[in-house]
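>>> fold the following.
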Amino acid sequence: QVQLVESGGGSVQAGGSLRLSCTASGRTISTYAMGWFRQAPGKEREYVATIPYHVDTPDYADSVKGRFTISRDDAKNMLYLQMNSLKPEDTAVYLCAERTYLASRSSADYPYWGQGTQVTVSS
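I've put the predicted structure just below:
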C-alpha cells in the first residue's frame, strides 16, 4: 500500500509561484499514473493535472493550462506541481493521487490519496 504526503503549500500573492511536492512511500510509483486535484471550501474536488507512468504526456485542466506544470521523478518516488502566475481562484487544498493503468480526470478513479496541502492566493 502506498502512502502519499503533500508539501510545499503556503500563502502567496496573486502572480506568485509555488512548487508542490508529493512524497510516496511503501512502494514505487513508477508504474502508476499520478494526479493532482484541488478542493476549495464548499466546493467539489476539482481535477488539476495528471501524468501517466509510461509516457511523458501530461494533461491539464483548462483553468491551469499554461500556468501549472506537473512532473514526476520515479527514482525519488516524487510527484511535483509547479504553479506559476497564481490567481486567487487557485486557493484550495491540493491533493496528490495515484491509480493503476491509465491517467484519469475523474477523482473517483483514484483509490490512493494524500492528506493535502493548503494553497492560499491573495489579491
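>>> give the other helices and strands that the helix or strand encompassing Ala49 contacts.
For Ala49, the enclosing helix or strand under DSSP states H and E is strand 46-51. The criterion is 3 or more Cβ pairs under 8 Å, 6 or more residues apart in numbering; DSSP states H and E, and the helices and strands that strand 46-51 contacts are strand 33-39, strand 59-60, strand 68-73, strand 78-83. Where you see a C-beta, it was placed from the backbone N, CA and C, and this is true even at glycine.
>>> which stretch among these comes nearest Arg105?
Among these, strand 59-60 comes nearest to Arg105, with 7.2 Å by Cβ to Cβ.
>>> note down every partner strand of that closest one and its orientation.
Using DSSP bridges, the strands paired with strand 59-60 in its sheet are strand 46-51 (antiparallel).
>>> now do the strand it pairs with, average pLDDT.
Per-residue pLDDT over strand 46-51 has a mean of 97.
>>> mind starting the numbering at 29 from now?
Fine by me, first position is 29 from now on; the one you just mentioned is strand 74-79.
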